[in-house]
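[1] Task: produce atomic coordinates for the following.
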Amino acid sequence: MLGNVFLIFFAICFIHLILLKIKLSFSSLKVVLLFYFPIILYLLCFENELIDSLYILLSYSILFASYYFTMLGITNDSPSLIIIREILKKNTKIKNLKIKFLKEKLIEKRFKDLVNDNYIYYKKGYLKIKSNKIFLINIFILLRKLQFQTNQKNG
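    Below you'll find the predicted structure:
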């Protein structure tokens, strides 16, 4: 029974990776629907006891959360990842690295992503953080403090 759940999860992961490879991007809600629709359909088709269904859903949710946050880190390049990827290519000069770094337009890309994901908004010409996102940001700040990271710069 749990083996079927793993097969469903890995099949959806494979489909999601193919969609990422062909440069199709989805909102977070669409990704959740993509992952949870098959498992809910599976639970409805096969008569399971409530405790079994909850166990399957919990196991699946843990798998999904680990996959989602891992893929989130891979698909959203940080400046450090871009620099390291370029250094791993042979014969990388500092001048070429600076040109590549400036071509990426990371700040504009990050800013646009934050606006599109509804983390920030404009109010009277100023940038504000959405109140429902402050809790999430505070969790990340707390985790950084727990890791004793004093450098607040990203990347």
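[2] lowest-pLDDT helix or strand in the protein?
    helix 79-88 (a mean of 67; mean pLDDT, DSSP states H and E).
[3] Kindly report the domain assignment for the chain.
    2-75, 79-146 (automatic domain parsing).
[4] what's the most buried one of the ones you listed?
    Neighbour counts (mean count of other C-beta atoms under 10 Å) averaged over each of those peak at domain 2-75, with a mean of 13. All C-beta spots, glycine's among them, are computed from the backbone N, C-alpha and C.
[5] For that one, the averaged confidence score.
    Mean per-residue pLDDT for domain 2-75: 83.
[6] for L24, helix, strand, or coil?
    coil (DSSP: H, G, I helix; E, B strand; the rest coil).
[7] where along the chain do the strands fall?
    120-123, 126-129 (DSSP state E).
[8] what would the ones you listed look like in CSV with mean pLDDT and distance to I18?
    CSV is the format used below for those (pLDDT from 0 to 100; distance: least, C-beta to C-beta, whole Å):
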stretch, mean pLDDT, distance to I18
strand 120-123, 77, 31
strand 126-129, 75, 34
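[9] Pipe these into CSV and attach distance to L50 per row.
    Output for the strands of the chain, formatted as CSV (distance: least, C-beta to C-beta, whole Å):
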stretch, distance to L50
strand 120-123, 41
strand 126-129, 40
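[10] Which of the ones you listed sits closest to L114?
    Closest to L114 of the strands of the chain is strand 120-123 (C-beta to C-beta; 4.8 Å).
[11] What is the distance between that closest one and the centre of its chain?
    Its chain's C-alpha centre and that of strand 120-123 lie 22 Å apart, by C-alpha atoms, centre = their mean, to the nearest Å.
[12] what does that strand contact?
    The list of residues contacting strand 120-123 from outside it, by C-beta atoms under 8 Å, 6 or more residues apart in numbering, reads L114, V115, L127, K128, I129, K130.
[13] next one: stretch 41-49
    So stretch 41-49 is contacted by M1, N4, V5, I8, S53, I56, L57 (C-beta under 8 Å, 6+ apart).
[14] That one: end-to-end distance?
    Using C-alpha to C-alpha, to the nearest Å, one end of stretch 41-49 lies 15 Å from the other.
[15] same thing with stretch 43-55?
    Counting by C-alpha to C-alpha, you get 11 Å between the two ends of stretch 43-55.
[16] I am finished for the moment; much appreciated.
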